[in-house]
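K.L.:
Provided below are the primary sequence and the corresponding predicted coordinates.
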Amino acid sequence: MTRANSTASRRRRSTKTSRRTFLGSLCSTAAAVPFLRSFTVGAQDDGLVPLPKVLFVGFPNGPLVGPTGGSGYAGWRPASASAGDTPLPLDEAGFPHIFKPLHPFRDRLVFLENIAWIDGANPHRQTSALLTGRRRYVAGDIKDYTSTGISIDHYLANQFAGDPDLATNVLNTAFRIQGYVPGESYWSYTGPGERVEPIQNPVDTYQRVFGEGLDQTELELVIDRRKSVLDVIAKDLGRMMSRVPAADRPRLEQHLDSVHQVEQSLQAAVCEGGAPLSDYDFLAHANGPRVMRDHAELIAQGMACGHTRIATLQFSAFGGPCRPDWAELGIAHSGHDEHAICHAFAGIESPGGGPLSQQAGRDLGVAKEVAFSKMFADVLARLEATPDIDGSSLLDNTMVVYVRPMGRNHDSDRILWIVAGGAGAGVNGGRWLQFADDEKHYNDVLTAVCNRMGHPVDTFGEAQFCDTPVPLG
């Protein structure tokens, strides 16, 4: 809906209960604010319409699809894939091997094969281009491989800032082991050379979304009493039921259900066997999957309650310094960092991490790729399980962009990204798109995201790397 149509729609509803009047009569506590804000967006004559959302989820290096010069292994792409647009296999057996954990979301996935990079130097230095579509500062500059422009998350937030119905926070989160150079650790920018430090501790993410600006001591008290605060909000909403037109009551009931789901989710996230959320090392290699789960849950709740509709979730630094010691995901005590595994897999001399044969690298590499797919599937599952304001799922209305900074087998080009989501975000899934070499760059994905988010543009980032938006719909 255009802004003009939205305004006209609000005027046509003048005989109904104004949503702003409705909100003004509700509980005025600070804890209620995120929930109340979610009622103000995207209103139409027939009820509440959720706004599109976007979440970027990034993993290190590139997908490992077979040793360089060798036959590789079967199943990294559908057997039927060819140039152009190919339907994804319907059955799990025919689904790409390293992406099998994503099969339950088959109808929501668009694979983008052969995305081209935009920087002709060391492929490890592409991190800053991923969300900016701009090349980095040259090697040797004190800015150390940082971007020369703003990233799409903060760009979109700036565009929406002037409209109270569209304005949004940006939530940048990460499980991050620092990269070999700082430039590998940052992909979000507020401007040229202005890196955004992501939130690493899930408790800090919780505080950003629900903590009302409290310090750590106060936050712990709020965590303990959060359920009772939400109960107060729910009671206030319940008292409003009689004042809402009959046609809108099912939506209010849905919002009440959402409030209670937030209660349950927060209690589950904050307390595991009686231990506070903060009682684990969020920087430990082995805890990476858990940190991702906690951030993903809080991003979903933040989107559901109106705190944000633009977020990033970064796994480690994109150069791959993390060790995949993740027994819960099928990798126990690998003893090697992700970067060394990539080198061994591709038959490239290892930069460190001890001796690792190509066969061992291949075995660990495949397991690592499956683990990344499991983590991404978990993010999608959390969004799918969380209701949006109209009763649909967040995943129906969210583009989730799976980002890798490098190409196949630790190469610079032939990059594979995935876009997941639903019709409310303009995503028509179930497809594998294979582009010709240099046909599409990062920029064409970012332009498509802008358009799907309701901000039409012809280019994003450096125009010379823009063709037409990738066809997500």
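P.N.:
Perfect, thanks for sending it. Numbering: from 1, shown residues only.

K.L.:
Any buried residues in the lengthiest helix in the chain, and which?
P.N.:
Ranked by residue count, the top helix of the chain under DSSP state H comes out as helix 358-385. Buried residues in helix 358-385, counted by 16 or more other CB atoms under 10 Å: 358, 361-380, 382-384. Glycine gets a C-beta too; all of them are placed from N, C-alpha and C.

K.L.:
and if you look at stretch 436-451?
P.N.:
Lys440, His441, Tyr442, Asn443, Asp444, Val445, Leu446, Thr447, Ala448, Val449, Cys450, Asn451.

K.L.:
Likewise for stretch 95-105?
P.N.:
Phe95, Pro96, Ile98, Phe99, Lys100, Pro101, Leu102, His103, Phe105.

K.L.:
neighbours around Asp337, how many?
P.N.:
The number of residues packed near Asp337 is 25, by other CB atoms under 10 Å.

K.L.:
pretty sure it is touching Asp325, no?
P.N.:
No. Contact criterion CB atoms under 8 Å: Asp337 and Asp325 do not qualify, at 10.1 Å.

K.L.:
re earlier: which residues are in contact with whichever helix or strand comes after the longest helix of the chain?
P.N.:
Where DSSP states H and E defines the elements, the next helix or strand beyond helix 358-385 is strand 398-403. Residues outside strand 398-403 that contact it (CB atoms under 8 Å, 6 or more residues apart in numbering): 52-59, 130-131, 187, 303, 376, 379-380, 383, 417-422, 424-427, 445, 449, 452-453, 472.

K.L.:
ends of stretch 436-455, how far apart?
P.N.:
Using CA to CA, to the nearest Å, one end of stretch 436-455 lies 27 Å from the other.

K.L.:
Correction: the previous question concerned stretch 98-113.
P.N.:
15 Å.

K.L.:
pLDDT on that stretch, on average?
P.N.:
For stretch 98-113, the mean per-residue pLDDT is 96.

K.L.:
quick one: the strands in the stretch 201-350 of the chain?
P.N.:
Assigned by DSSP state E, counting those that start in this stretch, the stretch 201-350 of the chain shows strands spanning 271-272, 275-276, 308-315.

K.L.:
Show which residues not belonging to the longest one make contact with it.
P.N.:
Among residues not part of strand 308-315, those counted as contacts by CB under 8 Å, 6+ apart are 51-60, 131, 153, 156-157, 168-176, 187-188, 198, 209, 288, 292, 295-296, 299, 302-303, 322, 372, 375, 379.

K.L.:
at 7 Å what do you get?
P.N.:
51, 53-60, 153, 156-157, 168-176, 187-188, 198, 288, 292, 295-296, 299, 302-303, 375, 379 (CB atoms under 7 Å, 6 or more residues apart in numbering).

K.L.:
Filter those residues down to the buried ones.
P.N.:
51, 53-60, 153, 156-157, 168-176, 187-188, 198, 288, 292, 295-296, 299, 302-303, 375, 379.

K.L.:
Next step: those restricted to helices.
P.N.:
Asp153, Leu156, Ala157, Gly288, Met292, His295, Ala296, Ile299, Gly302, Met303, Met375, Val379.

K.L.:
residue contacts, Ala436?
P.N.:
Contacts of Ala436 by CB under 7 Å, 6+ apart are Ala83.

K.L.:
Helix, strand or coil: sort out it for me.
P.N.:
Three-state assignment for Ala436 (DSSP: H, G, I helix; E, B strand; the rest coil): coil.

K.L.:
For it, give its distance to Gly430.
P.N.:
22 Å (CB to CB, to the nearest Å).

K.L.:
Kindly report the same for Ile341.
P.N.:
31 Å.

K.L.:
Of those two, give the one with the bigger neighbour count.
P.N.:
Ile341 (30 against 15).

K.L.:
Surely the more buried one and Asp363 touch.
P.N.:
No. Checked against CB atoms under 7 Å, the pair Ile341 and Asp363 is beyond contact range at 9.4 Å.

K.L.:
what about the stretch 151-300 of the chain, any weak spots by pLDDT?
P.N.:
Within the stretch 151-300 of the chain, the segments meeting pLDDT under 70 span 179, 210-279.

K.L.:
Could you rerun that using 90?
P.N.:
Where the stretch 151-300 of the chain drops to pLDDT under 90, the residues are 163-167, 176-185, 193, 201-281, 294, 297-298.

K.L.:
one step back: now the buried residues of stretch 436-451 as JSON lines including pLDDT?
P.N.:
What follows is the buried residues of stretch 436-451, written out as JSON lines (pLDDT from 0 to 100):
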{"residue": "Lys440", "pLDDT": "95"}
{"residue": "His441", "pLDDT": "95"}
{"residue": "Tyr442", "pLDDT": "92"}
{"residue": "Asn443", "pLDDT": "97"}
{"residue": "Asp444", "pLDDT": "97"}
{"residue": "Val445", "pLDDT": "98"}
{"residue": "Leu446", "pLDDT": "98"}
{"residue": "Thr447", "pLDDT": "98"}
{"residue": "Ala448", "pLDDT": "98"}
{"residue": "Val449", "pLDDT": "98"}
{"residue": "Cys450", "pLDDT": "98"}
{"residue": "Asn451", "pLDDT": "97"}
